[in-house]
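J.: heads up, no residue letters with this:
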C-alpha cells in the first residue's frame, strides 16, 4: 500500500506507475491523478503540443516506421486493402456518395466496412463512432 501525495488516498502499489528513480520503485502519485494531470496539461497547452506532435511525426525514422507498418498491414490484410481501393475508386467516380455520420450526423466521416467481401456496402461514421464500431467487433 502507498499514499498518493495528490489525492492523499491509500492505494495498492498496482495503482501507481513504476518509476525507477523512486525509493520504492513507484511514482508518488497514483495513476488516476497522473492521468488527470496529463489531461489538464494537454488542455492548457494544446497548440504547443500539436506543433510538437506535427514536428515529431515528420522525423525520418517516424516516417519510415509509419511506412513499414502500413506496408505490413497491406500484406497481412489483402482483402481489406482491396475493399478500400474499390470504395476509393467508386467515390472518385461518383458511384458512391459520402453521407454524414449515421450516429451523430457529423460531416467528418470515415467508411466502415461491416463485411469486406461487399466493398461498396459501408456505413459512414465519424472517427469516434468508427472506433466504437471496431471496439464492439473486437469484444464479440
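T.: Yep, that arrived. Because the structure is a prediction, the values reported are computed rather than measured.

J.: Tell me the helices and strands packed up against the helix or strand of the chain with the lowest mean pLDDT.
T.: One helix or strand of the chain scores below all others by mean pLDDT, DSSP states H and E: helix 127-139, with a mean of 91. Judged by 3 or more CB pairs under 8 Å, 6 or more residues apart in numbering; DSSP states H and E, helix 127-139 is in contact with strand 110-112. C-beta: built from backbone N, CA, C; applies to glycine.

J.: So what does the residue with the largest distance to the centre of the chain look like in phi/psi?
T.: Relative to the C-alpha centroid of the chain, counting by CA atoms, centre = their mean, residue 23 is the outermost residue, at 34.2 Å. Note on residue 23: its backbone torsions stand at phi -60, psi -40 [degrees, to the nearest 10].

J.: and the nearest residue to residue 95 once chain neighbours are set aside, what pLDDT?
T.: In space, and not counting its chain neighbours, residue 95 is closest to residue 120: 7.6 Å by CB to CB, 6 or more residues apart in numbering. Model confidence at residue 120, expressed as pLDDT, equals 96.
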